[in-house]
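Chemist: the sequence and its predicted three-dimensional model are supplied below.
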Protein chains: 2
Amino acid sequence: MIKDFSKISMAVIRRLPKYHRYLKELLEKDIRRISSKELSDIIGFTASQIRQDLNNFGGFGQQGYGYNVDLLYHEIEKILGLNKAYSTIIVGAGNLGQAIVNYTSFTKTGFMPKAMFDVNPKLIGLKIRDLEIMDADNIETFINENSIDIGVICTTKEHAQKIADRLVKCNIKGIWNFAPTDLEVPDDVMLENVHLSESLYTLSCMINHMRE
Amino acid sequence: MIKDFSKISMAVIRRLPKYHRYLKELLEKDIRRISSKELSDIIGFTASQIRQDLNNFGGFGQQGYGYNVDLLYHEIEKILGLNKAYSTIIVGAGNLGQAIVNYTSFTKTGFMPKAMFDVNPKLIGLKIRDLEIMDADNIETFINENSIDIGVICTTKEHAQKIADRLVKCNIKGIWNFAPTDLEVPDDVMLENVHLSESLYTLSCMINHMRE
């Protein structure tokens, strides 16, 4: 169905989760069929953008009928890889790390936290949602014994690159980075950043300049 | 210095926090002067992109000299509005809300959490970093008495729009939304979303299709 994924821009890929979320809501409302125009009204992208985006993956739409919501939802689910399960570990068991464990545990998707790690003796041994916080020295052993797909980095920026290097050596597939720094990883390790401060600074910039 | 902010694209604005972060690191290393080419090597944008971006705000660079790091850093700080202080409240005092309070308390920037709110009687009255969790019924009174700039929404998606409506009625300037939904707010209220699940799904998409 997807001919050459490398030709699809990251901008398109980043819009897919939004399609996925809105299509899910349509399904929950038992709406089975939708035109690109109607989808545009709900989701906020232009109808032409929607047609272009979905054409990257083979179209899904039929002239005069629109999109089959159920089919489109499940195809996008597959494209996003949400039909599979992922084992994760969280490195850095502070507030943010704990929030992430709770967040992913609740999402009912296939992302399963398997362990948390920290260097702080006060945290090691504590349990967060049945997950024991382990000594960060044990990261390699744990990954090798449990085949972990994704490492979530919630450490300070000073520790983040070293942790990333260790995860890479254990053949991790992807890193979800919350540390406020840009990590260097090989091309075959997928890296996704959540830079909270950048988001907050964008907000303060808008507050200062775009409210006139 | 900024002639017409409305003509500057959100893509440019979203890159500014990254310039800010890298320029800060340069200052910490006592690097006082940098060419767009050198900046490009560090930050990862092309030199031409960097010149274009910074030209939006009046340039800063001098032919044959490059950029004055200190000047550029402080100008971008001003553009981002980081030379001011912002009072914030956090609505939703679960793990994510608590993580945000801790996060913004630690950033040493001007974002100051003034109160947390929740509807859960088990949370109301607890203290997080000297901040008491208050009953969500008191949001309006608190904002009116304390002139709050930014509301952080860490509720479920079901409650998020109602909370946003209430914040808007209290003349909040900006909303930092962590609930997995798209909020509707008037044009003069600035809205910035952190959709964690969209970021995670982007990662699983890349893991599935871009590692070949």
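Modeler: Happy to help now that I have it. Treat the numbers as computed from the prediction; the structure is a model and nothing was measured. Residues are numbered from 1 along each chain as shown, chains lettered A, B, ... in the order given.
Chemist: A:Lys18 contacts B:Ser199, correct?
Modeler: No. Applying Cβ atoms under 8 Å, one finds A:Lys18 not in contact with B:Ser199, separated by 11.6 Å. Just so you know, the C-beta spots here come from the backbone N, C-alpha and C atoms, and that holds for glycine as well.
Chemist: and the top strand by length along chain A, what other elements does it pack with?
Modeler: Longest strand of chain A, by residue count under DSSP state E: strand A:111-118. Judged by 3 or more Cβ pairs under 8 Å, 6 or more residues apart in numbering or on different chains; DSSP states H and E, strand A:111-118 is in contact with strand A:86-91, helix A:95-106, strand A:131-135, helix A:139-146.
Chemist: so which of the ones you listed gets nearest chain B?
Modeler: helix A:95-106 (4.0 Å; Cβ to the nearest Cβ).
Chemist: the nearest residue to A:Ile172 once chain neighbours are set aside in helix, strand or coil?
Modeler: In this structure, A:Ile172 finds its nearest non-sequential neighbour in A:Gly151, 4.9 Å apart by Cβ to Cβ, 6 or more residues apart in numbering or on different chains. Classification of A:Gly151 using DSSP: H, G, I helix; E, B strand; the rest coil returns strand.
Chemist: OK, contacts around A:Gly151?
Modeler: Counting by Cβ atoms under 8 Å, 6 or more residues apart in numbering or on different chains, A:Gly151 touches A:88-89, A:91, A:143, A:163-164, A:167, A:172, A:174-176.
Chemist: same list (those residues) but as JSON lines, adding pLDDT and neighbour count.
Modeler: Formatted as JSON lines, the contacts of A:Gly151 follow (pLDDT from 0 to 100; neighbours: other Cβ atoms under 10 Å in any protein chain shown):
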{"residue": "A:Thr88", "pLDDT": "95", "neighbour count": "22"}
{"residue": "A:Ile89", "pLDDT": "96", "neighbour count": "24"}
{"residue": "A:Val91", "pLDDT": "98", "neighbour count": "25"}
{"residue": "A:Ile143", "pLDDT": "97", "neighbour count": "22"}
{"residue": "A:Ile163", "pLDDT": "98", "neighbour count": "22"}
{"residue": "A:Ala164", "pLDDT": "98", "neighbour count": "24"}
{"residue": "A:Leu167", "pLDDT": "98", "neighbour count": "26"}
{"residue": "A:Ile172", "pLDDT": "97", "neighbour count": "21"}
{"residue": "A:Gly174", "pLDDT": "97", "neighbour count": "25"}
{"residue": "A:Ile175", "pLDDT": "98", "neighbour count": "23"}
{"residue": "A:Trp176", "pLDDT": "97", "neighbour count": "25"}
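Chemist: from the residues you listed, which is closest to A:Gly64?
Modeler: Nearest to A:Gly64 among the contacts of A:Gly151 is A:Gly174, at 40.5 Å by Cβ to Cβ.
Chemist: could you find the closest non-adjacent residue to the closest one?
Modeler: Leaving out its chain neighbours, the residue that sits closest to A:Gly174 by Cβ to Cβ, 6+ apart is A:Met190, at 4.1 Å.
Chemist: A:Ala93 too?
Modeler: Closest to A:Ala93 by Cβ to Cβ, 6+ apart is A:Asp118, at 4.0 Å.
Chemist: quick one: residues contacting that neighbour.
Modeler: A:Asp118 neighbours (Cβ under 8 Å, 6+ apart): A:91-94, A:97, A:124, A:133-136.
Chemist: and the residues you listed, which is the shakiest by pLDDT?
Modeler: Of all the contacts of A:Asp118, A:Gly94 carries the smallest pLDDT score, 89.
Chemist: excluding its backbone neighbours, what's nearest that residue?
Modeler: Using Cβ to Cβ, 6+ apart, the nearest residue to A:Gly94 is A:Cys154, at 6.5 Å.
Chemist: buried residues, the helix ranked longest in chain A. List them.
Modeler: Secondary structure assigned by DSSP state H gives helix A:10-28 as the longest helix of chain A. Buried residues in helix A:10-28, defined by neighbour count with 16 or more other Cβ atoms under 10 Å in any protein chain shown: A:12-13, A:15-23, A:26.
Chemist: likewise for stretch A:75-92?
Modeler: A:75-82, A:86-92.
Chemist: ok, then the element right after the least confident helix or strand in chain A by mean pLDDT?
Modeler: The least trusted helix or strand in chain A, going by mean pLDDT, DSSP states H and E, turns out to be strand A:61-62, with a mean of 69. The C-terminal neighbour of strand A:61-62 among helices and strands, as given by DSSP states H and E, is strand A:66-68.
Chemist: tell me the strands beside that next one, with direction?
Modeler: Strand A:66-68 pairs in its sheet with strand A:33-34 (antiparallel), strand A:61-62 (antiparallel), by DSSP bridges.
Chemist: pull the helix or strand harbouring A:Trp176 out as PDB, backbone CA atoms only.
Modeler: Per DSSP H and E: A:Trp176 is located in strand A:174-177. The C-alpha trace of strand A:174-177 is given here as PDB (Å, rounded to 0.1, in the frame of the first residue of the first chain):
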ATOM      1  CA  GLY A 174      13.400   4.300  19.100                       C
ATOM      2  CA  ILE A 175      14.000   7.000  21.700                       C
ATOM      3  CA  TRP A 176      11.300   9.300  23.000                       C
ATOM      4  CA  ASN A 177      13.300  12.200  24.500                       C
END
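Chemist: that strand packs against which elements?
Modeler: Checking 3+ Cβ pairs under 8 Å, 6+ apart, strand A:174-177 ends up next to strand A:150-153, helix A:157-169, strand A:190-193, helix B:196-209.
Chemist: how does it look with 10 Å?
Modeler: strand A:86-91, strand A:150-153, helix A:157-169, strand A:190-193, helix B:196-209 (3 or more Cβ pairs under 10 Å, 6 or more residues apart in numbering or on different chains; DSSP states H and E).
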